[in-house]
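>>> Predicted model follows, preceded by the sequence.
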Amino acid sequence: MLLEIKDIHVHYGKIAAIKGISLEVDEGEIVSLIGANGAGKTTTLKTISGLRPLTSGKVVFNGEDISKMPGHKRVMAGIGQSPEGRGVFPGMTVQENLLMGAYTRKDALDADLAEVYELFPRLAERKNQFGGTMSGGEQQMIAIGRALMTKPKVLLLDEPSMGLAPMLIAQIFEIIKEINKRGTTVLLVEQNAQQALKLSDRAYVLETGRVVKSAPGPALLDDPQVRAAYLGGH
Amino acid sequence: MKGNGVTGNANPLRRVGALVDGARDWWEHAKAWQRYLVYLGAVVFALILPAPAIGSFMSPGADWTSVLIYPIGTYILLAVGLNVVVGQAGLLDLGFVAFFAIGGYSVAYFGTQYGWNYWATVAFGIILAAVSGVILGAPTLRLRGDYLAIVTLGFGEIVRITANNTDEIGGARGITNVPHPTDIPGVVEFGLLPAPYYYLILIAIVLVIIFSVRLQKSRVGRAWAAIREDEDAAELMGVPTFKFKLLAFAIGAMIGGLAGGIYAGKAVFIEPNTFPFILSATILAAVVLGGAGNLPGVILGAFVIAWLPERFREVNWLKDVLDRDPAEYRILLFGGVLVLMMALRPEGLLPSRRRRAELHEGTGGMGTMGAEVAGPDTDVTTTEAAK
Amino acid sequence: MSGARLGRVLALAAASSLVLAACAGGGGGGDAGGDVTSVKIGFMGDLTGEAAAIVIPPRNGAVMAVKEYNDKNPKVKIELVQYDSQGKPDQATSLVTKAIGQDKIIGLIGPAFSGESKAVGGLLEENKIPSVSPSATNPGLAENGWTYWHRVVANDSDQGPGIAEFLVKAKSPKKAFVISDDQEYSVGLADAVAKSFKDAGVTVETDKFAKGASDYSSTVTKVASANPDVIVYGGYYAEAGRLLKQLRDGGVKATFASGDGSLDQQVITGAGAAAAENAVFGCPCNIPSPDVTGTLKTFFDNYKKANNVDPAIYATEGYDAATAFIKAVEAGNTTGEKINEYLKTINFEGVSKPIKFKANGEPENNAIFVYQVKGGVLKLLGPAEEAKLEG
Amino acid sequence: MSTPVLQLDNVTMRFGGVVALREAKISINPGEIFALIGPNGAGKTTVFNVVTGVYQPTEGQVLFNGTRIDGTKRFKITKLGIARTFQNIRLFHNMSALENVMVGADSHHKTGAIGATLNLPWHRKEEKRGRELARELLDFVGIPGRMTETAKNLPYGDQRRLEIARALATDPKLLLLDEPAAGMNPAEKEALQALIRKIRDSGRTVLLIEHDMSLVMGVSDRVAVLDFGQLIAEGLPHEVQTNPRVIEAYLGVSEDAS
Amino acid sequence: MLDEFLNQFLPSTVGGLVVGSIYALVALGYTMVYGVLRLINFAHSEIFMIGTFTSLVVITAIAPASPLTGFALFGVMLLLILLSAAISGGAAMLLEVVAYRPLRKKGATRLTALISAIGASLFLQELFALVVIPWLTGKAGRNQQSSPRLVDRDTVFTIGNAAVRTDHIIVVVAAVVMMVALDRLVNRTRIGRGIRATAQDPEAAVLMGVSIDNIVRVTFLLGGAMAGVAGALYLMEFENTVYNVGFVLGIKAFTAAVLGGIGNLRGALVGGVVLGLIENWGAIFLGSEWKDVIAFTVLVVVLMFRPTGILGESLQKARA
């Protein structure tokens, strides 16, 4: 198991945002977390990448308990994340944003940079433009490209389709598939359940801080309850 | 990385905190007569506080009653006033001393130049302070917290320097022979003895506390609390935030002005250097050290900050150890204690529960410092705007 | 809810406290009746603060005088109690209240500065405790109608004209530039100097800077642009040194003069020996240099022996102020009131000058002494009427 | 037909180069429950922000009961009768539930510092009325007995209700609910649905943003769909649900398309 | 009046540029720390003070018999600047560890941190007055400490009636060089990217593998080093210092930082120079005692019309 989360609880102040979530992500998989706003999807990702402290439970990565490891070291260990709202550095150029992804790396970057530009030709065109002036879709590309530059073993994607036009959404999901094909494990949080489930090997359904269901992606797609709740109910 | 919920142990201050919590629980469930008894006790205590028996321990080096008036009483009065601004409305004010100065100068100037009745000059000083609070606040309260801090700091300095350079109000020479408070025939005579001034300042403190508590429990106090917690949400719930922030500024200023008036009447002589920036910082430190927003805490903080350095002058064994007057070290110690206290008990000695919670979440109305892990507050408007 | 209740109770209590206030008065005079074998005299001033350099010498002088007296094993010994006011009026107020109420002092040497003197003069008066300040020079102090207040130095109204008239005599300037910082003493002295210059028909320009400032370039620019014949700075040595240095660096060559607050070796270290050379200082103080003779010489040697340094500013005045009290006690006076009566009549040859007080507490002798920097040291040129500038 | 309660007249909202709302036209009738749906980032919350005065529209105007309100100060809009809740709950977390609601009720109170200090009769009256109203409203939304509890200690669903109570305390003619069902379990959603109807039945108009389709379909009278800042459909719930454009944009690209 | 103004304008401008350069260097420390932590590092003025005393010790140790010129001068100035920067930078890092890190770890508010900063400021001042200065110089700690002259006050050239001296040129040139170096460091290097990333979005920075603790440490180091350089230049120019030398200058420098747009490195330069110039020009009309009032009034006015300062906040948003 590449990534294992064991019964984690997370609190904001006294409010429990996550009340005992366990999930597993195997090497090479695409795993989705779906659920309504406020179900705890984003918090789960932030907990994995070390942005939120655990109240209890364990995060195991590559066989090592990383529950107490600071966030920046988790990046070095191989957890990359494209955060919710993209988190693009507005005052940095596209290139600088991508280089930030390679912040901890000491090896040669050129090949990886070229690969990102190949995945996102749009970014190559706008190398020297400031991140803050890019459109939503372009920012999403920066965020994903930047996360790839950390050379992650597992890539955490938080709502990559948010605010994007349908055309772009399809494109982003294609790219996620491609990234996965090239050997990166993906843990995906999505509102757009339909698309996400189609893509995923497995998925977990979250509700008010708990896992209520887990199954292979296509299976959930046909689950009447899931359809009712997240897919428009018909 | 230590989580919010994960608490360290072996911190003696925490045990004190538990004790305080116990007292607070008792207080919340206390019967009316029990509370009355406590109020009565507090008042009786305050009345007999100047007794020489207490003074010989509290202040062996200087006259206890005088010390009770200045710095202790004056600091408490100022701290209660600043608490309205910082603790209740959550606005950072680094120039509070300006209002203290305005109150003091108005008593001194109108008393000596025009021979106004003392009480009239105090009242006028309070009004003047409130007006300057509004004048300062109106253009600046729209600024963000830190800008407000530096602008208020600048205002404090402007007032002091202007007083220093304006001959009409004595310039650097200050104003001498400020009249004492007018006697109240048959009741009290204000001369050079400190006792009447102590009771005067005590009455002022009591009145200001009543004022402050009543505000806190009213619509006004609720509005301030709402502004402190989430200014945008407050505005959207119909709170005219700007008006209420201005009100907090004006009320804080009035209390500062009152303190200045009383001070000038006792001191007989005031000069611009009586009102340095460091006094603003000290009062702010008192408010925060005591526990911003919680009156007993603020009073305790002001008392400690005013009294400790005085007391420290007279620690004889320290004199022997250091071979120097320990008084010299008191500011050094004061600074060190501030750093230490903030590290060990950032919420202050006696924080209000609400305030402590805010601080623990790192959302105390003024945002957090970029901690390793950012706080849970996300600004909706800005993230929305980015979409 | 409970707020309202709290209000009512506290209001009641507050009202009753007024009544108590009437009874709770207290504190008392320093009457020491019966057979007295020892009395306490206070010394008050800034002993540890920023201007301590001006207060330590008179303190040492006073300590010396008292020690010399006690060593003679008199009938009534004197204990000198020191109060460190840090020069702050507030501090002085509470210290004086304590000195009178608890320590029962019968006289006070000090307070050293004018601000604190203003703040405590009334208290001393009320409690009939005589005071003699060795160094407070604000003219206004004598105008409060206090009868228990005295000083042994000339005030700034004497000092200012003293300096101005001396400069007019020595340099016959056409234009003078008078500078002050924003402190009380400084402004007072500068105003007095400027007024005397104007009275003598000299054109005067002025500037003022904030005490905490370190960059005086705008003042230097103004001075350079005015091109005066003499420059007078009223203020303390720290600022005087910096100012003098920047003036000279800015190419201003006019004669630089200042008053008692700047009369300290540190003005030379501050400005640099070259810049400070020939600077002139007027002071109502008499600072003995190693080449003095007579009683001053004795004082110089004893002071140096006791303190390991040469006597500095107001050391002799501190000694004389103490001596005034000593003489009063020697004459059998042990209460504040009696001592004050005695001080009214006192007349003796002090170390600094003849000591005799006017009715308002001012010294009869208001001599100003002139000093000049020569070869990197301060040299006494003599009383202003006799002194001759060198170079 | 009477004047619409709320009317968005060709409202465009731009942030720098990004268009969050493009020539939106919405008209809501009195007593309606009107739902606004669309993917995240489609501009729904922007609509709320424009209506409540947080943003001033780049173009177009907002009418409330026929009067123009864009450009009016936020607290004045509240006084006029528009109140809202927030997508990510924005209660005054460290105040008690009762106090939270009283802040809302205070928007129609007048006591200032003087009245409060002197404890004048009208102040006492207002406080009493505010407290009673708050109690009633907590009861109304279904969380009585939680009055003294600190807001943030309430369970998630109760916090949502508290937010609604707080908004109701300002006595709004139009209530805006921003994803009220987020984070609720099915039972809570059920109760919420009832509550929204109850609010409408008390004579108020409700504008709702919601992702939960079962809730939207179950409760709303009319539905509008936003996509990419543009209004792509409007009508009765079942009409919207079967609109192919809506299915494509929001409910997912139809099965056969992939 | 106009006559006077014209007569004093150019000399005042020179003076304003010199003191403005020093404000600007000190302002950099405030602005950097603010950019990353949103904290007013009140004790930064004491870091500057430490720089002046480091330089004092060095100059006194070298004790030039007469002012230096040529390579000797260049070498000694360089040594002075490097040593002061090192000591001040180190002190700033230590300050962060002692006074701010514990608070950061607890997620305390900035108000709490501000009080801690004020405490640290008082503590450092008094520590120097009571212990360090007497130990360093053997003189009473509260007195002015004067340094020997390092640079002659030779006029290099004149513009109108304003003499531009060697020391003026050294101050301005050194300040500009340091600022350009810092600007490059922040905009062109990896660690600089880390600083900017943390300022713009700390959470995203962590996700890039940036250690916030590390960045904060470096930020304090750099800001402190700049204050150290300012201290060295100050001592060379004014040739004396005192334990509380940083107080007024620190407030001015912070004002300069806000004026230029806090968080913006180039804003610090602009703010410092603008403040120095306006103060000196205003003093021509009103007298030097109104300098501080002029400075603060300008600040209030600028903030009223341009709430983010002249250049706007910028470590966060658009580029420096």
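Noted; the coordinates are in hand.
>>> who's in contact with the residue nearest to residue E:250 when sequence neighbours are not counted?
Sequence neighbours aside, residue E:45 is the residue nearest to residue E:250 in space, at 2.5 Å (criterion: CB to CB, 6 or more residues apart in numbering or on different chains). (Glycine included, C-beta is placed from N, CA and C.) Residue E:45 sits next to E:26, E:121, E:246-247, E:249-251, E:253 when contact means CB atoms under 8 Å, 6 or more residues apart in numbering or on different chains.
>>> Go again with 6 Å.
E:246-247, E:250 (CB atoms under 6 Å, 6 or more residues apart in numbering or on different chains).
>>> ranking the residues you listed by neighbours, who comes first?
Neighbour counts for these, by other CB atoms under 10 Å in any protein chain shown, peak at residue E:246, which reaches 30 neighbours.
>>> and it, what pLDDT?
Residue E:246 is assigned 92 on the pLDDT scale.
>>> Do I have it right that it meets residue E:51?
No - using CB atoms under 6 Å, residue E:246 is not in contact with residue E:51, being 9.1 Å away.
>>> any chance of the contacts of residue E:45 in JSON lines, plus distance to residue C:137?
JSON lines is the format used below for the contacts of residue E:45 (distance: CB to CB, whole Å):
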{"residue": "E:246", "distance to residue C:137": "31"}
{"residue": "E:247", "distance to residue C:137": "27"}
{"residue": "E:250", "distance to residue C:137": "33"}
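>>> For my notes, please list those residues in CSV and give secondary structure for each entry.
Output for these, formatted as CSV (DSSP: H, G, I helix; E, B strand; the rest coil):
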residue, secondary structure
E:246, helix
E:247, helix
E:250, helix
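>>> Now residue D:227: phi and psi?
Summarising the backbone geometry of residue D:227 under the convention degrees, to the nearest 10, its torsions are phi -140, psi 130.
>>> so how far is residue E:249 from the closest residue to chain E within the stretch 151-300 of chain B?
As assessed by CB to the nearest CB, chain E sits closest to residue B:154 within the stretch 151-300 of chain B, at 3.3 Å. If you measure residue B:154 against residue E:249 using CB to CB, to the nearest Å, the figure is 15 Å.
>>> Who has more neighbours out of those two?
The residue with more neighbours, out of residue B:154 and residue E:249, is residue B:154; 29 against 26, by other CB under 10 Å.
>>> per-residue confidence for the nearest residue to that one once chain neighbours are set aside?
Here the nearest residue to residue B:154 in space, its sequence neighbours aside, is residue E:296; by CB to CB, 6+ apart that works out to 3.3 Å. At residue E:296, the predicted lDDT confidence score is 88.
>>> so who does residue E:296 touch?
Under the criterion of CB under 6 Å, 6+ apart, the neighbours of residue E:296 are B:154, B:157-158.
>>> List the beta-bridge partners for the most centrally placed residue in chain A.
Within chain A, one residue has its C-alpha closest to the average C-alpha position: by CA atoms, centre = their mean, that is residue A:157, at 1.5 Å. Each beta-bridge partner of residue A:157 is listed here: residue A:82, residue A:188, as defined by DSSP bridges.
>>> Pick out the residue of chain A closest to chain D.
residue A:163 (2.5 Å).
>>> Show me how far whichever helix or strand residue E:224 is part of is from its chain's centre.
When elements are assigned from DSSP states H and E, residue E:224 belongs to helix E:212-238. In terms of CA atoms, centre = their mean, to the nearest Å, the gap separating the centre of helix E:212-238 from the centre of its chain is 7 Å.
>>> What residues sit buried inside the longest helix seen in chain B?
Of all the segments of type helix in chain B, defined by DSSP state H, the longest one is helix B:241-267. Of the residues in helix B:241-267, those with enough neighbours to count as buried (16 or more other CB atoms under 10 Å in any protein chain shown) are B:241-242, B:244-267.
>>> Give me the average confidence score over it.
Rounded mean pLDDT across helix B:241-267 is 94.
>>> With just CA atoms, put the very next helix or strand once past it into PDB.
Counting by DSSP H and E, the element after helix B:241-267 in chain order, helix or strand, is helix B:277-290. What follows is helix B:277-290, C-alpha atoms only, in PDB (Å, rounded to 0.1, in the frame of the first residue of the first chain):
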ATOM      1  CA  PHE B 277       4.900  56.600  23.400                       C
ATOM      2  CA  ILE B 278       6.200  54.100  25.900                       C
ATOM      3  CA  LEU B 279       3.200  54.800  28.100                       C
ATOM      4  CA  SER B 280       0.900  53.800  25.200                       C
ATOM      5  CA  ALA B 281       2.900  50.600  24.800                       C
ATOM      6  CA  THR B 282       2.800  50.000  28.600                       C
ATOM      7  CA  ILE B 283      -0.900  50.300  28.800                       C
ATOM      8  CA  LEU B 284      -1.400  48.100  25.700                       C
ATOM      9  CA  ALA B 285       0.900  45.600  27.400                       C
ATOM     10  CA  ALA B 286      -1.200  45.800  30.500                       C
ATOM     11  CA  VAL B 287      -4.400  45.100  28.600                       C
ATOM     12  CA  VAL B 288      -2.900  42.100  26.700                       C
ATOM     13  CA  LEU B 289      -1.000  40.800  29.700                       C
ATOM     14  CA  GLY B 290      -4.100  40.800  31.800                       C
END
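>>> Can helix B:277-290 be said to contact chain C?
No - legend: contact between helix B:277-290 and chain C by CB under 6 Å from any CB of the partner chain is lacking; minimum distance shown is 10.2 Å.
>>> can the very next helix or strand once past that helix be found next to chain C?
Note on helix B:277-290: by DSSP H and E, the next helix or strand toward the C-terminus is helix B:295-312. No - using CB under 6 Å from any CB, no contact is recorded between helix B:295-312 and chain C, whose separation bottoms out at 8.0 Å.
>>> re the thing from before, measure the nearest residue to the residue of chain A closest to chain D once chain neighbours are set aside to chain C for me?
Distance criterion CB to CB, 6+ apart; nearest residue to residue A:163, sequence neighbours excluded, is residue D:41 at 2.5 Å. Residue D:41 sits 46 Å away from chain C when distances are taken as CB to the nearest CB, to the nearest Å.
>>> With residue B:203 instead?
4 Å.
>>> Can you list the residue ranges for strands in chain A?
Listed in chain order, the strands found in chain A under DSSP state E are A:3-12, A:15-25, A:30-35, A:56-61, A:64-65, A:79-82, A:154-158, A:185-190, A:202-207, A:210-216.
>>> In a markdown table: those, plus distance to residue A:127.
Listed next are these as a markdown table, based on distance: least, CB to CB, whole Å:
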| stretch | distance to residue A:127 |
| --- | --- |
| strand A:3-12 | 33 |
| strand A:15-25 | 33 |
| strand A:30-35 | 29 |
| strand A:56-61 | 33 |
| strand A:64-65 | 37 |
| strand A:79-82 | 19 |
| strand A:154-158 | 22 |
| strand A:185-190 | 26 |
| strand A:202-207 | 36 |
| strand A:210-216 | 40 |
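>>> most packed of those?
Here the criterion is mean neighbour count by mean count of other CB atoms under 10 Å in any protein chain shown, and of those the winner is strand A:79-82, at a mean of 29.
>>> Show me what that strand is packed against.
With contacts taken as 3 or more CB pairs under 6 Å, 6 or more residues apart in numbering or on different chains; DSSP states H and E, strand A:79-82 sits against helix A:136-149, strand A:154-158.
>>> Secondary structure element holding the residue nearest to residue E:250?
Since the elements are taken from DSSP H and E, residue E:45 ends up inside helix E:44-62.
>>> Give the buried residues for that helix.
Along helix E:44-62, these residues count as buried under the neighbour rule (16+ other CB under 10 Å): E:44-59.
>>> For chain A, see how far away residue B:313 is.
Computed with CB to the nearest CB, the distance linking residue B:313 and chain A is 44 Å.
>>> ok, now residue D:46?
Following CB to the nearest CB, the distance that separates residue D:46 from chain A is 11 Å.
>>> same thing with residue B:291?
For residue B:291, the distance to chain A (CB to the nearest CB) stands at 19 Å.
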